[in-house]
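Colleague: Sequence and predicted structure, then a few things I'm wondering about:
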Amino acid sequence: MESPASNNPSPSLDLEKVSKESDGSISGMAKGVFDQVMQGNPYFAAGGGLMLLGSALALTRSGMIRASGLLYRQLVVDLEIPSKDKSYLWFLEWMAKHPHRSSRHLSVETKFVQHDNGATSTNFSLVPGPGNHLIRYKGAFILIKRERSGKMIDMTNGAPFETVTLTTLYRDRKLFSDLLTEAKNLAVKSKDGKTVVYTSWGPEWRPFGQPKAKRLLPSVILDRGIKEAILKDVKEFMSNGKWYFERGIPYRRGYLLYGPPGSGKTSFIQALAGELDYNICIMNLSEANLTDDRLNHLMNNIPERSILLLEDVDAAFNQRNQSSEKGFQSGVTFSGLLNALDGVASSEETITFMTTNHPERLDPAILRPGRIDYKVFVGNATPFQMEQMFLKFYPGEKEKCKDFVKHAANLNVEVSTAQLQGLFVFFKDDPDSAIKMVDTLKSPNHVFQ
């Protein structure tokens, strides 16, 4: 009786047959061996067939993925807007005003708006939150994907890093440029007639609060001729760029306003920016995490049409070797500031204003021409300023104005314009009471009740 194993095909190889049927090459003999094994072992043949089928399916799937990727790249186009890019905020503002009824996941954008009368109101805008959103723009559909980069946050403001990706048909790619231009124009329009104040956030300048209504130059009353002289000098500088470039002179101008507190130095700079249609970049040299490299980068990347303002510059450098009594030390060195001032060079004009209450504390190195080109004293109120301020608050009251100036002069004390304004604001409709209370100007910190 035959054993069950005798029914199985013999797996032995006929090497002589392989040698005769092959062409003598190694590949030919390998093919002969493979053919005999496949013919003599059906299980191995079946396994080989499955392997080939699996490989074919894998290749087909890979080919389909590649084909779909190629088709995707041919039919659609993506635009990525990271949160660190300036156009990111423009796009969010544009989205806040664009209909998004189909969105099911929204985020709130809170803004504080300061009105011309000084009042502040709060506005809430709903914008599409993280996730996918579909909008229609100029007849074309655009898929918006807003996603956050894991748990990473911007250490300068605590906001998470985000990326907005716009996807549309390749034929409609021009809409991306149209959309961003529209978003930029919308952002610019919202700032028309206003002054934007920038502060440093990490390595870049960002708007601080909402744009403020331009302050009119006549609203700031300095001593006779000071405003006019500075304005004339600034305009002359702005109109002579070619002259600077032809002579290889750095196209920058530095101004120092010095004098007691409350004399109107910063107010004048704000009004000057409004008169020139410029914005203001405020740099705090005493900032704890400010370094020489960051200062140099910021001062070389000032937004266009902006005045750089360094307030109370003496307070940051009372001594060249700084020591900290508050537990921290600014990373900016005096030489770092000088190098940053000397290195400010851009295609546009650079206008720098510094203010100080104590000019005697300034190192002579910072007063060198090229760093400070124009110095002017802005002092306490003169009789001329008292007269102009009185008539601004009480138009037509010339006789009472003379009486007020006479009483104020008899005080024999220095009076700041901030003190005068405080008195006039409290008695805004009562010039007689303002005259009666003139003695309160003897105390710089008097509070009216």
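Modeller: Alright, I've got the coordinates.
Colleague: only C-alpha atoms for contact and neighbour calcs from this point on.
Modeller: Noted.
Colleague: contacts for the longest strand seen in the chain?
Modeller: Using DSSP state E to define each element, the chain has its longest strand at strand 140-153. Here strand 140-153 makes contact (C-alpha atoms under 8 Å, 6 or more residues apart in numbering) with 129-136, 159-168, 172.
Colleague: mind saving the C-alpha coords of it as CSV?
Modeller: Presented in CSV, the C-alpha positions along strand 140-153 are these (Å, rounded to 0.1, in the frame of the first residue of the first chain):
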residue,chain,number,x,y,z
ALA,A,140,-15.2,80.6,-7.6
PHE,A,141,-15.2,78.2,-4.7
ILE,A,142,-12.2,78.5,-2.3
LEU,A,143,-11.5,75.9,0.4
ILE,A,144,-10.1,77.5,3.6
LYS,A,145,-8.2,75.4,6.0
ARG,A,146,-7.2,77.1,9.3
GLU,A,147,-5.0,75.0,11.5
ARG,A,148,-2.9,75.5,14.6
SER,A,149,0.6,74.2,14.8
GLY,A,150,0.2,71.7,17.7
LYS,A,151,0.8,73.3,21.1
MET,A,152,3.4,75.8,19.9
ILE,A,153,2.6,79.5,20.8
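Colleague: Now do it, average pLDDT.
Modeller: Averaged across strand 140-153, pLDDT comes to 77.
Colleague: picking that back up, give me the buried entries from the contacts of strand 140-153.
Modeller: 129-130, 132-135, 160-168, 172 (16 or more other C-alpha atoms under 10 Å).
Colleague: farthest-separated two in those residues?
Modeller: Greatest spacing in these, by C-alpha to C-alpha: Pro160 and Asp172 (30.8 Å).
Colleague: and Leu285, what element?
Modeller: Assigned by DSSP states H and E, Leu285 falls within no helix or strand.
Colleague: my guess is it meets Leu310, correct?
Modeller: Yes. The pair Leu285 / Leu310 is scored as a contact, 7.4 Å apart, by C-alpha atoms under 8 Å.
Colleague: More neighbours: the two, which one.
Modeller: Leu285 (23 against 18; other C-alpha atoms under 10 Å).
Colleague: residues contacting that one?
Modeller: With contact set as C-alpha under 8 Å, 6+ apart, Leu285 has these partners: 310, 313, 316, 330, 332.
Colleague: Show the contacting residues for the last one.
Modeller: So that's Val332. Taking C-alpha under 8 Å, 6+ apart, one finds 285, 290-292, 295 in contact with Val332.
Colleague: Same list, those residues, but as TSV with secondary structure please.
Modeller: Output for the contacts of Val332, formatted as TSV (DSSP: H, G, I helix; E, B strand; the rest coil):
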residue	secondary structure
Leu285	coil
Leu290	coil
Thr291	strand
Asp292	helix
Leu295	helix
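Colleague: quick one, what contacts the residue nearest in space to the middle of the chain?
Modeller: Note on the chain: the residue nearest the mean C-alpha position is Arg206, at 3.2 Å, using C-alpha atoms, centre = their mean. With contact set as C-alpha under 8 Å, 6+ apart, Arg206 has these partners: 198-200.
Colleague: Tell me how far Phe384 lies from Met437.
Modeller: 20 Å (C-alpha to C-alpha, to the nearest Å).
Colleague: low pLDDT regions in this protein?
Modeller: Scanning the chain for pLDDT under 70 picks out 1-74, 99-104, 109-125, 150-160, 317-330, 344-348, 446-449.
Colleague: picking up where we left off before, the residue nearest to the centre of the chain: what secondary structure?
Modeller: Arg206 ends up strand, using three-state DSSP.
Colleague: Is it bridged to anything, and to what?
Modeller: Counting by DSSP bridges, Arg206 forms beta bridges with Thr199.
Colleague: if I look at it, how far off is Ala187?
Modeller: 14 Å.
Colleague: Ok, Lys436 next?
Modeller: 49 Å.
Colleague: give me every residue that touches the nearest residue to Asn380 once chain neighbours are set aside.
Modeller: What sits nearest to Asn380 in space, not counting adjacent residues and going by C-alpha to C-alpha, 6 or more residues apart in numbering, is Ser416, at 4.6 Å. By C-alpha under 8 Å, 6+ apart, Ser416 lies in contact with 261-263, 379-381.
Colleague: Quick check: of those, which lies closest to Asn410?
Modeller: Of all the contacts of Ser416, Ala381 has the smallest distance to Asn410: 13.8 Å, by C-alpha to C-alpha.
Colleague: I'd guessed that closest one sits against Glu414; true?
Modeller: Yes. Look at Ala381 against Glu414 with C-alpha under 8 Å: they come within range, at 7.4 Å.
Colleague: If you count surrounding residues, which of these two has more?
Modeller: Remark: of Ala381 and Glu414, Ala381 carries more neighbours, 23 against 15, as counted by other C-alpha under 10 Å.
Colleague: List the residues that contact that one.
Modeller: Residues near Ala381 by C-alpha under 8 Å, 6+ apart: 222-223, 263, 414-417.
Colleague: hmm, 7 Å instead?
Modeller: Ala381 makes contacts with 415-417, as judged by C-alpha atoms under 7 Å, 6 or more residues apart in numbering.
Colleague: From these, which land in helices?
Modeller: Assigned to helices by DSSP state H, the following of the contacts of Ala381 qualify: Thr417.
Colleague: Am I right that Gly262 is in a helix?
Modeller: No. Secondary structure of Gly262 (three-state DSSP): coil, not part of a helix.
Colleague: hang on, it packs against Val415?
Modeller: No. Judged on C-alpha atoms under 7 Å, Gly262 makes no contact with Val415 at a distance of 9.3 Å.
Colleague: picking up where we left off before, higher neighbour count, Lys436 and Ala187?
Modeller: Ala187 (17 against 11).
Colleague: And the more buried one, how far from Pro82?
Modeller: Ala187 is 18 Å from Pro82, by C-alpha to C-alpha.
Colleague: go on, Ser335?
Modeller: If you go by C-alpha to C-alpha, the gap between Ser335 and Pro82 works out to 35 Å.
Colleague: And the two? Which one has more around it.
Modeller: Pro82 (18 against 13).
Colleague: Now stretch 374-381 - C-alpha only, CSV.
Modeller: Written as CSV, here are the backbone C-alpha positions of stretch 374-381 (Å, rounded to 0.1, in the frame of the first residue of the first chain):
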residue,chain,number,x,y,z
TYR,A,374,18.5,118.9,15.6
LYS,A,375,18.1,119.8,19.3
VAL,A,376,15.4,121.9,20.8
PHE,A,377,14.3,122.9,24.3
VAL,A,378,10.6,122.4,25.1
GLY,A,379,10.1,124.1,28.4
ASN,A,380,7.3,125.0,30.8
ALA,A,381,4.6,127.4,29.7
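Colleague: Span of stretch 299-314 from start to end?
Modeller: Counting by C-alpha to C-alpha, you get 18 Å between the two ends of stretch 299-314.
Colleague: just how off-centre is stretch 262-278 within its chain?
Modeller: 22 Å (C-alpha atoms, centre = their mean, to the nearest Å).
Colleague: Good, we can wrap up now.
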